[in-house]
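Enquirer: No letters, just coordinates:
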């Protein structure tokens, strides 16, 4: 909507594109009130429609997202065993304990490491694979499916499967032994120096398919004319990728980065299934969510656990807002600033 | 607490749903008076039996009781063990608690009592006699809140066949003898001891038992009261465990081995003769029976108590253990307690012991215990100077959880005996 018409937007919409029509409308006093009245009832109707259509979703969102967040914030101020109502108000003690707990520093480091490694490893790999799979090669759709399959398999199956394969006496070590590579055999899961890298390998295997599909979709949306034009101008393959594909793939990469960061910060299921909440800390793979389950639910410190949830929420929101503000700004410009009317 | 895990087949139980069919029919035709006079009193029971004889016991006990007491109608609900605590907690907090439910004891019992969610039970002299020594664990501040049904003494389960093959003449009674047995088992190519450290508590039980041998009874009950673990015996126990680890007594990769799920679990290793021993509470034979190739009880399973250590302050006969009991919700009618009283009589206790392959608390019913491993455990239990509940139950989940984690850290070479004491002391601040 155009700003030049100021607050008088309703007649403005009608008269857009006819300079001076707004003034004319304002001077012709008898006509507009009726029209405006009709339009007002139209707006009310639209509002009602919006309310009816989005109401249920908003209610569900309030009841199952916002309300629990508020409750967690409330419980976070109590020392509470989870039986009966919380009564033992401890103020900010829980938060002080969390922020000074070396175990929490450790899990936060793991989370940040996973964020960075996911971006650095999966990003280039996914772009490369997408470029490759965008070529006309034999068996392309089969390869695409194979790469995407791990993403579709449930976390439980992935976790259980890899957990069994990588056990100290599991299939991977057995295979290495049979190949005469005994020196390559390791305690993939239980060696604290290795476990986090094992986890990263599994995460990459699991989620690369999603990134590749996103990138492929991004590539499809780049008009072929650009490539043709560049080719005619004598650009080499690599020049085209560097100067045309990557910049135009930017929005996709940035959105994928956002999803990847949020996913990494909230990583829970794979670690929970492979290591469980008890030894994840020992193996050096525990994340904030695992810490929350171990110290909150398993230790039956529901007040403390709620406080951890709040800390996680704040950290995730902070990172998300920062990312939106500085990285996604260009992509979101239209969507946020003018209601998507473009 | 999490100490009494059931086998993986309980997953199936979720799919099978809740076994109400049999009990539901018995009350057919008559309308529910919901406790009103003249009408029927209806009770709900939540238990955690795995499918099999344990669940059958509950079904038939309920039917029998309803036949004897036509005014009482009992609804039985089997809740999968790992889901049990969360569901119960929600039900208790929303005032929709079952009338009778499985009680884990220790810190949880205390928390429920403090939240005013349980009924104090008016135990008669007869009831006290039936419950025997287990009544101590059912008591909070001098009041009884749980009807105990079985006792779960802990010790080392072993394969007699493998012991024989390895040339171990008699079961170890000292740490030196245990280490000797370990060396012999290694020679025949099996893991000497299986431990499911992935679940933390099975590993921590090694520490508990070292602590039981090193700490005097006083030191242990003092720690229960003030949750301070400053007595030197707590560190000593950690040092002993560390020393024990040097001879590599456990299977390879024990850190990621679960306790009860599948043939690769610690119980599964014992069931398939891949390991010689496992330290566990007396639910273990049932778990093992579900993991043998033919799903039958392991024929050569034996039991011996945790060996004595040098220079320990604890009584060498003392035992670590748990107990299964049932509590009554605050709002339940008086018939709930009457049903539990009936369950702790000799005849029902005998059936319970058979159904769960366990040791009943009622001494008169202990005659039905015939499995060799249970007989050995019962002998040791009746000789024990005192019993201490599993420490993660005794000291509450919060402290227990920290202690378990610290023990696993020690076993992974990431922590020291001092850390166990330090972390355990620190945990008390969080809850």
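Expert: Right, received. Where do you want to start? It should be emphasised that the depicted structure is a prediction, and the values quoted were computed from it without experimental measurement.
Enquirer: Stretch B:93-100 close to chain A?
Expert: Yes: for stretch B:93-100, a contact with chain A is found by Cβ under 8 Å from any Cβ of the partner chain, at residue B:93. In this view, the C-beta of every residue, glycine as well, is placed from N, C-alpha and C.
Enquirer: now that stretch: how far from the chain's centre is it?
Expert: The chain centre lies 23 Å from the centre of stretch B:93-100; the measure is Cα atoms, centre = their mean, to the nearest Å.
Enquirer: That one - what's its average pLDDT?
Expert: Averaged over stretch B:93-100, pLDDT sits at 90.
Enquirer: Pull out the buried positions in it.
Expert: B:97, B:98, B:99, B:100 (16 or more other Cβ atoms under 10 Å in any protein chain shown).
Enquirer: So for residue B:312, what's the nearest residue that isn't a sequence neighbour?
Expert: Spatially, and ignoring its direct neighbours in sequence, residue B:312 is nearest to residue B:213 (4.1 Å; Cβ to Cβ, 6 or more residues apart in numbering or on different chains).
Enquirer: buried sites along the helix or strand hosting residue B:182?
Expert: Per DSSP states H and E: residue B:182 is located in helix B:175-187. By neighbour count on 16+ other Cβ under 10 Å, the buried set for helix B:175-187 is B:175, B:177, B:178, B:179, B:181, B:182, B:184, B:185, B:186.
Enquirer: Spatially central residue in chain A, please.
Expert: Centroid-nearest residue in chain A, with Cα atoms, centre = their mean: residue A:259, separated by 2.4 Å.
Enquirer: got the contact list for that residue?
Expert: Residues near residue A:259 by Cβ atoms under 8 Å, 6 or more residues apart in numbering or on different chains: none.
Enquirer: Where does it sit: helix, strand or coil?
Expert: helix (DSSP: H, G, I helix; E, B strand; the rest coil).
Enquirer: need the residues of chain A near chain B, please.
Expert: Counting by Cβ under 8 Å from any Cβ, the residues of chain A that sit close to chain B are A:79, A:81-85, A:94, A:97, A:163-164, A:167-169, A:187, A:189-190, A:192, A:274-276, A:278-279, A:281-283, A:294-295, A:297-301, A:303-304.
Enquirer: Can you tell me which of those residues end up in strands?
Expert: residue A:79 (DSSP state E).
Enquirer: Look up phi and psi at the residue of the stretch 1-150 of chain A at minimum distance from chain B.
Expert: Taking Cβ to the nearest Cβ, chain B has its nearest neighbour within the stretch 1-150 of chain A at residue A:84, 2.8 Å off. Per-residue torsions, residue A:84: phi 70, psi -170 (degrees, to the nearest 10).
Enquirer: Burial check on the closest residue to it other than its chain neighbours, number of neighbours?
Expert: In this structure, residue A:84 finds its nearest non-sequential neighbour in residue B:115, 2.8 Å apart by Cβ to Cβ, 6+ apart. Residue B:115 has 17 neighbours, counted by other Cβ atoms under 10 Å in any protein chain shown.
Enquirer: How much space separates residue B:115 from residue B:93?
Expert: Per Cβ to Cβ, to the nearest Å, residue B:115 is found 8 Å from residue B:93.
Enquirer: Need the overlap of contacts for those two.
Expert: In terms of Cβ under 8 Å, 6+ apart, residue B:115 and residue B:93 are both contacted by the residues A:83, A:84.
Enquirer: And the pLDDT for the nearest residue to residue A:278 once chain neighbours are set aside?
Expert: Distances taken as Cβ to Cβ, 6+ apart put residue B:200 closest to residue A:278, at 3.3 Å, once the chain neighbours are dropped. pLDDT, residue B:200: 90.
Enquirer: Residue B:402 is in contact with residue B:200, correct?
Expert: No: using Cβ atoms under 8 Å, residue B:200 is not in contact with residue B:402, being 10.5 Å away.
Enquirer: so who does the one residue in the stretch 251-400 of chain B that gets nearest to chain A touch?
Expert: Minimum separation of the stretch 251-400 of chain B from chain A (Cβ to the nearest Cβ) falls at residue B:253, amounting to 2.7 Å. Residue B:253 is in contact with A:167, A:168, A:169, A:187, A:189, A:190, counting by Cβ under 8 Å, 6+ apart.
Enquirer: Give me the subset of those residues lying in helices.
Expert: Under the assignment DSSP state H, the contacts of residue B:253 contribute nothing to helices.
Enquirer: Can you flag the buried ones in those?
Expert: A:167, A:168, A:169, A:187, A:189, A:190.
Enquirer: How is residue B:291 assigned, secondary-structure-wise?
Expert: coil.
Enquirer: Would you mind measuring from it to residue B:299?
Expert: For residue B:291 relative to residue B:299 (Cβ to Cβ), the value is 14 Å.
Enquirer: Low-confidence regions, chain B specifically.
Expert: Scanning chain B for pLDDT under 70 picks out the ranges B:1-38, B:431.
Enquirer: partners of the longest strand along it in the sheet?
Expert: Secondary structure of chain B per DSSP E: the longest strand is strand B:319-328. In the sheet, strand B:319-328 lines up against strand B:100-103 (antiparallel), strand B:146-153 (antiparallel), strand B:387-389 (parallel) (DSSP bridges).
Enquirer: how far does it sit from the chain's center?
Expert: 7 Å.
Enquirer: Over to stretch B:275-289?
Expert: Distance of stretch B:275-289 from the chain centroid (Cα atoms, centre = their mean) equals 12 Å.
Enquirer: measure the residue in the stretch 1-150 of chain B positioned nearest to chain A to residue B:330 for me?
Expert: Per Cβ to the nearest Cβ, residue B:115 is where the stretch 1-150 of chain B lies closest to chain A, at 2.8 Å. According to Cβ to Cβ, residue B:115 stands 9 Å off from residue B:330.
Enquirer: With residue B:63 instead?
Expert: Distance of residue B:63 to residue B:330, given as Cβ to Cβ: 27 Å.
Enquirer: Next: residue A:185.
Expert: Counting by Cβ to Cβ - residue A:185 and residue B:330 are separated by 57 Å.
Enquirer: Equivalent analysis for residue A:274, please.
Expert: 41 Å.
Enquirer: between those two, which one's more packed in?
Expert: When residue A:274 and residue B:330 are compared for neighbours, residue A:274 comes out ahead with 27 against 16, by other Cβ under 10 Å.
Enquirer: Looks like the more buried one contacts residue A:159 (just checking).
Expert: Yes: using Cβ under 8 Å, residue A:274 makes contact with residue A:159 at a distance of 4.9 Å.
Enquirer: Quick one: list the elements packing against the lengthiest helix in chain A.
Expert: For chain A, the longest helix by residue count, based on DSSP H, is helix A:31-61. Here helix A:31-61 touches helix A:9-15, helix A:21-27, going by 3 or more Cβ pairs under 8 Å, 6 or more residues apart in numbering or on different chains; DSSP states H and E.
Enquirer: tell me the mean pLDDT for the last one?
Expert: Which is helix A:21-27. pLDDT averaged over helix A:21-27 gives 42.
Enquirer: Where do the strands of chain B begin and end?
Expert: Going by DSSP E, chain B shows strands at B:41-47, B:72-78, B:100-103, B:139-140, B:143-144, B:146-153, B:155-159, B:191-193, B:275-280, B:301-304, B:319-328, B:359-360, B:387-389.
Enquirer: and the longest one with strand B:275-280, angle?
Expert: Spelled out, it's strand B:319-328. Angle, strand B:319-328 to strand B:275-280, by axes from the mean of the first three to the mean of the last three Cα atoms, to 10 degrees: 50 degrees.
Enquirer: before we move on, what about the second one?
Expert: Calculated by the same axes, to 10 degrees, strand B:72-78 forms an angle of 130 degrees with strand B:275-280.
Enquirer: So in that sheet, which strands flank strand B:72-78, and in what orientation?
Expert: Partners of strand B:72-78, by DSSP bridges, with direction: strand B:41-47 (parallel).
Enquirer: Domain-wise, how is the chain divided?
Expert: No chain was given, so I picked chain A. A:7-45, A:108-337 (automatic domain parsing).
Enquirer: sorry, should have said chain B
Expert: Taking automatic domain parsing as the reference, chain B has its domains at B:10-153+B:322-387, B:155-320+B:391-427.
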